[in-house]
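Undergrad: just the structure for this:
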Amino acid sequence: MLLAVISDTHMPRGARRLPVEHLVGVDAILHAGDLMERSVLEELQGIGPPVHAVQGNVDDAWLRARLPLQRTLEFAGVRIGMVHDAGPTKGRLARLRRRFPDEDAVIFGHSHIPLHEVDADGFQIFNPGSATDRRRQPVHTMGFARIEDRKLTFDLLELV
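TA: From the prediction side, this is the model:
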């Protein structure tokens, strides 16, 4: 199973565009918040795979009324939590483990800084960065979550 992981698209704004070529053909698209406007969610839904999203801090009222602040999804026996803002860097891994005690991993966004951490028990946190708004990062990024035999791995993709 292959899941596309994106966050912080902040669209529409300028010439930004979704990395559609990397979203077609995946089993689902996970968006960790800050879509910004309804049209972005609709564009993602038009690509084809199911879209699962959480609300971000800059999402419009329409999105905030329809998207949860956090959620848990299960794919092929793997439980993945999602939240936009995972809080301060210090203690983040342990804090998310406490907040999502039954999940195998948590996907988050907000910082636009790609991150992948794993604790001693194998619990993972993953931030895909941003495919459209890199801020202080050298490149735009997104991620993939792969599930095989109930084993979850994350990969970061640098977009050119």
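
Undergrad: from Ser130, how far out is the most centrally placed residue in the chain?
TA: Centroid-nearest residue in the chain: Ala32, 3.6 Å away (criterion: CA atoms, centre = their mean). Distance of Ala32 to Ser130, computed by CB to CB, to the nearest Å: 10 Å. Where you see a C-beta, it was placed from the backbone N, CA and C, and this is true even at glycine.

Undergrad: helix or strand for Gly120, which one?
TA: Residue 120: Ala, not Gly. Secondary structure assignment for Ala120, by DSSP states H and E: no helix or strand.

Undergrad: tally up the residues packed near it, please.
TA: 5 (other CB atoms under 10 Å).

Undergrad: what's the lengthiest helix in the chain in contact with?
TA: Counting residues, the longest helix found in the chain (DSSP state H) is helix 38-47. The contact list for helix 38-47 (CB atoms under 8 Å, 6 or more residues apart in numbering) reads 9, 11-12, 18, 20, 23-24, 29, 31, 35, 51, 53, 60, 62-63.

Undergrad: can I get that helix in PDB? Just the C-alpha atoms.
TA: C-alpha atoms of helix 38-47 as PDB (Å, rounded to 0.1, in the frame of the first residue of the first chain):
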ATOM      1  CA  ARG A  38     -12.000  24.600  -0.300                       C
ATOM      2  CA  SER A  39     -10.900  24.600  -3.900                       C
ATOM      3  CA  VAL A  40      -7.600  22.900  -2.900                       C
ATOM      4  CA  LEU A  41      -9.400  20.000  -1.200                       C
ATOM      5  CA  GLU A  42     -11.700  19.700  -4.200                       C
ATOM      6  CA  GLU A  43      -8.600  19.700  -6.500                       C
ATOM      7  CA  LEU A  44      -7.000  16.900  -4.500                       C
ATOM      8  CA  GLN A  45     -10.300  14.900  -4.500                       C
ATOM      9  CA  GLY A  46     -10.400  15.300  -8.300                       C
ATOM     10  CA  ILE A  47      -7.100  13.400  -8.600                       C
END
